[in-house]
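Asker: Model the structure of this input:
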Amino acid sequence: MRGKLLFLNLLLLAGLVVIARELRSNWLAARAREAAMRSKPVKSTPPPPVTPSVAPQPVTAAGYLDVAQQTLFAKDRNPNVVVEQEKPKPVPPFPKLYGVMNLGNGTMAILSDGRTRQKPYYPGDSIGEFKLTEIQADALVFEWDQKKFPKKFSELQDKTAEPASAADSTPRQASAPVTPAAPVTPGKPGPGADMGGGLSACNANDPSPAGTVVDGKRKVVSESPFGKVCRWEPVR
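Answerer: Sure thing, here's the model as predicted:
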């Protein structure tokens, strides 16, 4: 019995020795392969060629034309924009002209815009929305909204007080009595309303003749395209 156990122990010991030698042999081979791999130079592999990506197309408004024309959320969508033209401003009424004169310091025009009394205006003066730019022989030139408007004297006359013509007058009945005209009452002699620049207007029906001096002013009557023009000017 002891002999069998001794034989088994020797057999196991021999097996362990064989296994240990095999393990050492494998370990030494692994070390040799590792040393060989470390000593072997590594070849660098070139990187693969890079293919450039395609650049995106620039965004244009024409690319969205179908979207704008075929939208389902706006029935009144219209790609054709209608540009409304601005209506021109109406020209305001022109001033009324009552005479043109030259007293030695330049030609002036007696004007009124309907809101103020008559007064003399020289080229460059403003009256209402207009600017008097030039006084010609038979016309006045106004400027408004950077535009020039030449107007004849006849176009600027105040025609509201003109007497009715014979053709437009109502025919009178033959049996109607004729009322005699009322006598003209003489007006107050002397200077009237101040016109500016030292000038004064004449009172209606002023009986004093031209050349009369009252309160340091002389009565002057001159001819104009509209008839006689009366004024009082300072005596110099």
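
Asker: In contact with residue 133, which residues are there?
Answerer: Going by CB atoms under 8 Å, 6 or more residues apart in numbering, residue 133 touches 123-124, 141-143, 148. Glycine gets a C-beta too; all of them are placed from N, C-alpha and C.

Asker: What about those, which one has the most neighbours?
Answerer: Neighbour counts for the contacts of residue 133 (other CB atoms under 10 Å) peak at residue 142, which has 23 neighbours.

Asker: does that one sit in a helix or strand, and which one?
Answerer: Taking DSSP states H and E as the criterion, residue 142 maps to strand 139-144.

Asker: could you give the angle of the next helix-or-strand element following that strand to strand 139-144?
Answerer: Note on strand 139-144: by DSSP H and E, the next helix or strand toward the C-terminus is strand 147-152. Here strand 147-152 runs at an angle of 160 degrees relative to strand 139-144 (axes from the mean of the first three to the mean of the last three CA atoms, to 10 degrees).

Asker: Give the rounded mean pLDDT of strand 147-152.
Answerer: Average pLDDT, strand 147-152: 93.

Asker: do stretch 96-105 as well
Answerer: Mean predicted lDDT for stretch 96-105 stands at 85.

Asker: Next, the buried residues of it.
Answerer: With burial defined by 16 or more other CB atoms under 10 Å, the residues of stretch 96-105 counted as buried are 96-101, 103.

Asker: ok, longest helix in this structure?
Answerer: helix 2-39 (DSSP state H).

Asker: Please compute how far it lies from its chain's middle.
Answerer: 105 Å (CA atoms, centre = their mean, to the nearest Å).

Asker: can you redo the contacts of residue 133 as TSV with distance to residue 9?
Answerer: Listed next are those as TSV, based on distance: CB to CB, whole Å:
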residue	distance to residue 9
123	146
124	142
141	144
142	142
143	138
148	139
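
Asker: sorry, back to before: which of the buried residues of stretch 96-105 lies closest to residue 21?
Answerer: residue 96 (139.5 Å; CB to CB).

Asker: Grab the nearest non-local neighbour of the closest one.
Answerer: Leaving aside its sequence neighbours, residue 96 sits nearest to residue 158 (CB to CB, 6 or more residues apart in numbering; 4.2 Å).

Asker: That neighbour: neighbour count?
Answerer: The burial count for residue 158: 14, using other CB under 10 Å.

Asker: Adjust the sequence numbering to begin at 40 for everything that follows.
Answerer: Fine by me, first position is 40 from now on; the one you just mentioned is residue 197.

Asker: How about the contacts made by it?
Answerer: Contacts of residue 197 (CB under 8 Å, 6+ apart): 135-137, 151.

Asker: How about the helix or strand encompassing residue 262, which residues are buried there?
Answerer: In this structure, residue 262 is located in strand 256-263 according to DSSP H and E. The neighbour-count check on strand 256-263 (16+ other CB under 10 Å) flags 256-259 as buried.

Asker: Okay, now the unreliable bits of the protein?
Answerer: Under the criterion pLDDT under 70, the flagged ranges of the chain are 107-121, 200-226, 263-266.
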